[in-house]
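Asks: Quick one, structure for this:
(chains A and B)
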2 protein chains.
Amino acid sequence: MSEKVAIVGTGLVGSGWAIVFARAGFQVSLFDSVEGAASKARELIAERLVDLVEYGLIDDKASCLARIEVAGDLAAALKDAVYVQESAFERVDVKRALFSKIDKIIGKDTLVGSSSSGIPSSAFTEHFACRDRILIAHPVNPPYLVPVVELVPAPWTAPETVRGVRALMDRVGQKPVEMTREIEGFIVNRLQGVLLMEAWKLVADGLASVEDIDRTIADGLGLRWGFMGPFETIDLNASGGVADYAQRLGPLYQSIAASRPLHEVWDGELIAEVERQRRAVLPADKLAERTAWRDRRLMKLAKERQL
Amino acid sequence: MSEKVAIVGTGLVGSGWAIVFARAGFQVSLFDSVEGAASKARELIAERLVDLVEYGLIDDKASCLARIEVAGDLAAALKDAVYVQESAFERVDVKRALFSKIDKIIGKDTLVGSSSSGIPSSAFTEHFACRDRILIAHPVNPPYLVPVVELVPAPWTAPETVRGVRALMDRVGQKPVEMTREIEGFIVNRLQGVLLMEAWKLVADGLASVEDIDRTIADGLGLRWGFMGPFETIDLNASGGVADYAQRLGPLYQSIAASRPLHEVWDGELIAEVERQRRAVLPADKLAERTAWRDRRLMKLAKERQL
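Replies: So this is what the prediction gives:
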């Protein structure tokens, strides 16, 4: 019998995680506090597995799906699990209530990763006996197509927990990155956040359209970022490497940063304007179709990265 | 005889532009104020055309190269050109001196795009008779693999100039995006700049390594940005589209932005630390080889986008 992983919270993120672990050969047990949600998630997973087979990303749908079971309750889900991936709704009170239950029934060697995308785990794990075995393991959606996972320890997370979850993520084919300590938004949403704040401000100031800003990334900067990070990008963009680049272009970037000394809120009017520009390009009733298109593009990319 | 484009300044950027126009069937005339530089550039272009043929991005190296000639002087380069792409060294005094010469000999219908990556053209074109026919046409490097080009008018740039250069860029297969007016860094370097400032700050604060930050983009956020922009990304990341997303996640991003109220300079010590971490991953003598690898990846991507 292969090792078992528990997925607690089976929405979009949790069911994505289920595919990651089942694909890698783990037994996966699903639990959601909403009655019937885990069974529904398993049906959605079955549909996604069809796409993954079609794109050559998994070989055998049936055996993969056979490894995923719906647990009768939280205790059954956690029983004998080597790892729990918590993906409940992102609110401190919800997470804390859930971890209070997990704490009472968790096995003494089981590690726990929380899919929280911005709230550090110290905000909801402080008072639990198992707190040294909990950390943030935040994916980018969907985790079975986008491999990065950020590992963020709370002050009381044991170093062995980080090492253990890192090794597990390596085994299942994810790409773990580590923070040394907590900060709001971690790496993913801090980097995405600063980019978004500037993008919204360019629209707010009437400097460019939503569509043209998108094209600037999709037909420009993003082509490199699809396979190399920002430091490697600038390291290769000056003949003397990153230090050379920093000397030459640092002043420009610092001047740009200084031009936005105060953050500004995306107010209702600005949100309505961006919504208007996006809906002109993509009507609301086409959102789901375009999302499926995005996932097909990501599957092609994921397949190419295997070759 | 096909239409002619002049490339003034034939470094990395200028020679990249020469490929863009020659590939599209234009006659290309090269001029550089440094003696011998244009001839050297033509040799480099010939080498790059070999790669482009190998990756299926151009059919015929010889005819493409035959369309590129080295001009004897600036006047010869500009003679009968429908368009001039200026890619001189990025310093206001250098650009101004060059435009003062261009102004005296340019044809009365010739349009001019400057490859300036951050300096608005109003800083160096104000006093010239041809100023209404000049705008910024800033590429991402190399322009024959990364199609975006930002068009930024000065206050005195004629609307027909923007329309004309936009149409030309469309014809040669680039993807023009437009700013309505000038701002330092335009779109490309403002978006890249805010991302870099945050990335450097995460390193400065010891929160994550250069390598892990790079992986967060290259194995995470960048996978989507390689084919869709930040607005489309968030539009598809909430079931109700971008306005729904803004309501849910706006507060997180605003809180992240507020945590960096003052810009901080990349000081010498921080630059040395980032340089150390990059050189540990990629020694200085491997920079050129890795750059060639990046260009091969970009060529594969460019080829896939044609299919």
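Asks: Any regions of the stretch 201-307 of chain A where pLDDT drops low?
Replies: Across the stretch 201-307 of chain A, the ranges flagged by pLDDT under 70 are A:261-264, A:307.
Asks: quick one, helices of the stretch 101-250 of chain A?
Replies: Here the stretch 101-250 of chain A has its helices, by DSSP state H, counting those that start in this stretch, at A:122-125, A:159-171, A:188-204, A:210-216, A:222-225, A:230-235, A:242-258.
Asks: and the fourth one, does that touch chain B?
Replies: I take that to be helix A:210-216. Yes: judged by Cβ under 8 Å from any Cβ of the partner chain, helix A:210-216 and chain B are in contact via A:210, A:212, A:213, A:214, A:215, A:216. Quick note: C-beta positions are derived from backbone N, CA and C, even for glycine.
Asks: Make sure the second one is actually in contact with residue B:187.
Replies: The reference is to residue A:212. Yes: in this structure residue A:212 lies within contact range of residue B:187 using Cβ atoms under 8 Å: 7.3 Å.
Asks: Who has more neighbours out of the two?
Replies: The residue with more neighbours, out of residue A:212 and residue B:187 and counting by other Cβ atoms under 10 Å in any protein chain shown, is residue B:187; that gives 27 against 23.
Asks: Please name the residues that touch the more buried one.
Replies: Residues near residue B:187 by Cβ atoms under 8 Å, 6 or more residues apart in numbering or on different chains: A:202, A:207, A:208, A:212, A:213, A:216, B:150, B:177, B:179.
Asks: what's the neighbour count on the closest residue to it other than its chain neighbours?
Replies: Spatial nearest neighbour of residue B:187, excluding adjacent residues (Cβ to Cβ, 6 or more residues apart in numbering or on different chains): residue A:216 at 4.6 Å. By other Cβ under 10 Å, the residues close to residue A:216 number 29.
Asks: so what's residue A:216 up against?
Replies: Counted by Cβ under 8 Å, 6+ apart, residue A:216 has contacts A:208, B:148, B:150, B:177, B:187, B:188, B:191, B:229.
Asks: for residue A:153, same thing?
Replies: A:135, A:136, A:159, A:161, A:162, A:179, A:180, A:181, A:182.
Asks: Most neighbours among those, please name it.
Replies: Of these, with other Cβ under 10 Å as the count, residue A:135 tops at 29 neighbours.
Asks: Confirm for me that that one is in contact with residue A:114.
Replies: Yes: with contacts counted by Cβ under 8 Å, residue A:135 reaches residue A:114, the gap being 7.4 Å.
Asks: related to what we said a few turns ago, of the helices of the stretch 101-250 of chain A, flag the one that's most buried.
Replies: Highest mean neighbour count among the helices of the stretch 101-250 of chain A (mean count of other Cβ atoms under 10 Å in any protein chain shown): helix A:222-225, with a mean of 26.
Asks: And it, what does it pack against?
Replies: Counting contacts by 3 or more Cβ pairs under 8 Å, 6 or more residues apart in numbering or on different chains; DSSP states H and E, helix A:222-225 packs against helix B:222-225, helix B:287-306.
Asks: Residues touching it, excluding its own?
Replies: Contacts of helix A:222-225 (Cβ under 8 Å, 6+ apart): A:233, B:140, B:145-146, B:217-218, B:221-222, B:224-229, B:294, B:298, B:301.
Asks: next one: stretch A:169-182
Replies: By Cβ under 8 Å, 6+ apart, stretch A:169-182 touches A:20-21, A:23-24, A:26, A:120-122, A:136-137, A:139, A:143, A:147-155, A:162, A:165-166, A:186-187, B:206-209, B:212-213, B:215-216, B:219-220.
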